[in-house]
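Chemist: Predicted coordinates and the sequence they were generated for:
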Amino acid sequence: MTLALGCIADDYTGASDLANTLTRAGLRTVQTIGVPADDLKLPEVDAVVVSLKSRSIEAGLAVSRSRAAEKWLRGRGASHVLFKICSTFDSTDAGNIGPVTDALRADCGEDVVLVTPAFPETGRTVYQGNLFVGAVPLNESPLKDHPLNPMHDSNLVRILARQSKTQIGLVDLATLSRGAQAVQARLAELSGKGVGAAIIDAVFDRDLETIGLVAAEHRLSVGASGIGLGLARALVSTGKVKSAAASSEQGAAVGGQVACLAGSCSQATLQQIANVERVMPVLRLDPDRILTGVNETQRALDWAKERLAKGPVLIASSATPADVAALQARHGRDAAGHAIEQTMADIAENLVKSGVRRLIVAGGETSGAVVDRLGIPGFLVGAEIAAGVPVLRAVGAAAGDMLLALKSGNFGGPEFFSDAIGLMR
Ligand SMILES: Nc1ncnc2c1ncn2[C@@H]1O[C@H](COP(=O)(O)OP(=O)(O)OP(=O)(O)O)[C@@H](O)[C@H]1O
Ligand SMILES: O=C(O)[C@@H](O)C(=O)CO
């Protein structure tokens, strides 16, 4: 297998978002969980998205895991590697976007790396280096209340400069609108000034196509699904990849019980949970009980057992920003996040043991904890439920055939959970 594109994603939902985008753009793509073991049978593909859980861990660990993934991808022929970050640039001043970019850039000997989290299909656009979420700057969006990395600055040049050892530059929309050559010239100018990474504006998909053409001539780029779309279209339009029809083939039905787990506290997820309460039983976990060692897992399992035979259920720890802040004040941010993620993983493990075969998980960290616990090594991409969220068919899972949907906190329409169940047969 010679890869046309190698990707390293810093969380699992982000990886499935990217795998979905690449698949829809004509690249045969597989998502792996971590660097695949040698004996994992992978189909013939154009792109591999290695999913890491490296967004919120200590920077040194994020760097070493990303480097190992890069080595594996380059060893399979990937001349270009995309480091997939969140479209809302989720990170803290300590990292990890800057440190990982610095390290991958050093490894591949790239002068200057293009960076953009733009993903217009989901309302993420970048103008003059400022990230917008819908109509508002990042720091005014619900991301200002994120439980792990609240975003209080919308200027990406400034944010990345705080995380990175290199100088950060900007390729603005006016330059981009003059085409690929103008972007190349600007990169050469920035490189001459010692700039190692450049935020590039992008507002429309056509901007991403120009960015993709330039990026494909380099060894490394950094961004969200939008730059993935640009790269995929460049690989197809330049004939480096023969476009595969995006598979509408769903494979054999999996059947089995259906459960949804929500650990995301994003505004979108809170609304989706409120809406689904009209059509299925919803259990709200008590995070204080989890943090004080009361067995919430058993309560959830007993509750679910009575209901699962009759239809789908949803179990949520999700809470409003005020409740999240209060819980963190009582128990600490990291301790709260970790304990709730592990409870979600305990619940998922037991639900699968008792017959759940279709699982929908909301939240990147939550999905990471659940997928790790289930020991799933990889996924094939199926139908698209919403922008950035595909149906995933597990490959090599100990539990056998399973369908999952890993929803990024902010993604999906108001009826996301019902939409997902409708496509997961
Ligand atoms: N009630 C709660 N109080 C405090 N923290 C919570 C609560 N419920 C969940 N959490 C934690 O909040 C974090 C949510 O992060 P997660 O990545 O799962 O969702 P997200 O950030 O909305 O999704 P994404 O990363 O895909 O955008 C997790 O660490 C989770 O354990
Ligand atoms: O880019 C995004 O917004 C998502 O794929 C993601 O990474 C959220 O965790």
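Modeler: Here it is on my side, so go on. Ligands and ions are numbered 1, 2, ... in the order given.

Chemist: So Asn139 versus Val361, what's the distance?
Modeler: 28 Å (C-beta to C-beta, to the nearest Å). Bear in mind the C-beta positions are built from the backbone N, C-alpha and C, glycine included.

Chemist: Would you mind telling me which of these two has more residues around it?
Modeler: Neighbours of Asn139 and Val361, each counted by other C-beta atoms under 10 Å, are more numerous for Val361; the result is 25 against 16.

Chemist: Quick check: that one is in a strand.
Modeler: Yes - checked against DSSP: H, G, I helix; E, B strand; the rest coil, Val361 lies within a strand.

Chemist: Pairing partners for it in the sheet, please.
Modeler: When assigned by DSSP bridges, Val361 has beta-bridge partners Leu261, Leu406.

Chemist: can you tell me how far it sits from ligand 2?
Modeler: Separation of Val361 from ligand 2 (C-beta to the nearest ligand atom, to the nearest Å): 12 Å.

Chemist: and that residue, what pLDDT?
Modeler: For Val361, the pLDDT comes out at 98.

Chemist: swap in the one 3 residues further on?
Modeler: Per-residue confidence for Gly364 comes out at a pLDDT of 93.

Chemist: Convert the C-alpha atoms of the lengthiest strand in the chain to PDB, please.
Modeler: Looking across the chain with DSSP state E, the single longest strand is strand 378-386. Extracted in PDB, the C-alpha atoms of strand 378-386 (Å, rounded to 0.1, in the frame of the first residue of the first chain):
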ATOM      1  CA  GLY A 378     -10.000   0.900  13.200                       C
ATOM      2  CA  PHE A 379     -13.000   2.000  11.300                       C
ATOM      3  CA  LEU A 380     -14.400   2.100   7.700                       C
ATOM      4  CA  VAL A 381     -16.400   5.100   6.800                       C
ATOM      5  CA  GLY A 382     -20.100   4.700   5.900                       C
ATOM      6  CA  ALA A 383     -23.000   7.100   5.300                       C
ATOM      7  CA  GLU A 384     -22.800  10.700   6.400                       C
ATOM      8  CA  ILE A 385     -25.100  11.500   9.300                       C
ATOM      9  CA  ALA A 386     -24.300  15.200   9.400                       C
END
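
Chemist: Tell me who's in contact with Arg330.
Modeler: By C-beta atoms under 8 Å, 6 or more residues apart in numbering, Arg330 lies in contact with Asp288, Leu291.

Chemist: tell me the secondary structure for it?
Modeler: Arg330 is classified as helix under three-state DSSP.

Chemist: What separation do you get for it and ligand 2?
Modeler: 26 Å.

Chemist: now swap in Ala37 and tell me
Modeler: 25 Å.

Chemist: again with Leu143
Modeler: Note on Leu143: its distance to ligand 2, by C-beta to the nearest ligand atom, is 10 Å.

Chemist: same check, this time on Ala9
Modeler: Separation of Ala9 from ligand 2 (C-beta to the nearest ligand atom): 7 Å.

Chemist: Bridge partners for that residue, pull those for me.
Modeler: Beta-bridge partners for Ala9, by DSSP bridges, are Ser51, Lys84.

Chemist: and it, what is it in contact with?
Modeler: By C-beta under 8 Å, 6+ apart, the neighbours of Ala9 are Ala15, Leu18, Val49, Val50, Ser51, Leu52, Lys84.

Chemist: Which members of those are the farthest-apart pair?
Modeler: Farthest pair in those (C-beta to C-beta) is Leu18 and Leu52. Separation: 12.3 Å.

Chemist: Those residues of the stretch 301-425 of the chain touching ligand 1, which are they?
Modeler: By C-beta under 6 Å from any ligand atom, the part of the stretch 301-425 of the chain that sits against ligand 1 consists of 317-319, 324, 327, 336-337, 340-341, 363-366, 408-410.

Chemist: Tell me which of those fall in helices.
Modeler: Using DSSP state H, Val324, Leu327, Ala336, Gly337, Ile340, Glu341, Gly364, Glu365, Thr366 are the members of these that sit in helices.

Chemist: Could you chop the chain up by domain?
Modeler: Listed domain ranges for the chain are 5-237, 257-423 (source: automatic domain parsing).

Chemist: now the ones you listed in CSV, with distance to Ala244?
Modeler: Formatted as CSV, those follow (distance: least, C-beta to C-beta, whole Å):
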stretch, distance to Ala244
domain 5-237, 5
domain 257-423, 11
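
Chemist: just to revisit the earlier point, the more surrounded of Leu18 and Leu52?
Modeler: Between Leu18 and Leu52, Leu18 has the larger neighbour count (other C-beta under 10 Å), namely 31 against 27.

Chemist: Just want to check the distance between Gly75 and ligand 1.
Modeler: According to C-beta to the nearest ligand atom, Gly75 stands 29 Å off from ligand 1.

Chemist: Over to Thr116?
Modeler: Distance from Thr116 to ligand 1, by C-beta to the nearest ligand atom: 18 Å.

Chemist: and that residue, what does it touch?
Modeler: Val126, Ile199, Ile200, Asp201, Ala202, Ile211, Val222, Gly223, Ala224, Gly226, Ile227.

Chemist: Try it again at 6 Å.
Modeler: By C-beta atoms under 6 Å, 6 or more residues apart in numbering, the contact set of Thr116 is Val126, Ile200, Ala202, Gly223, Ile227.

Chemist: Run through the bridge partners of the residue nearest to Thr32 when sequence neighbours are not counted.
Modeler: The shortest distance from Thr32 to any non-neighbouring residue, by C-beta to C-beta, 6 or more residues apart in numbering, is to Gly378 (4.4 Å). Counting by DSSP bridges, Gly378 forms beta bridges with Thr32, Val395.

Chemist: can you count the residues close to Gly378?
Modeler: 25.

Chemist: Identify the residues contacting the longest strand of the chain?
Modeler: Outside strand 378-386, the residues that reach it (C-beta under 6 Å, 6+ apart) are 19-20, 23, 30-32, 250, 390-393, 395, 405, 411-413, 419-420, 423.
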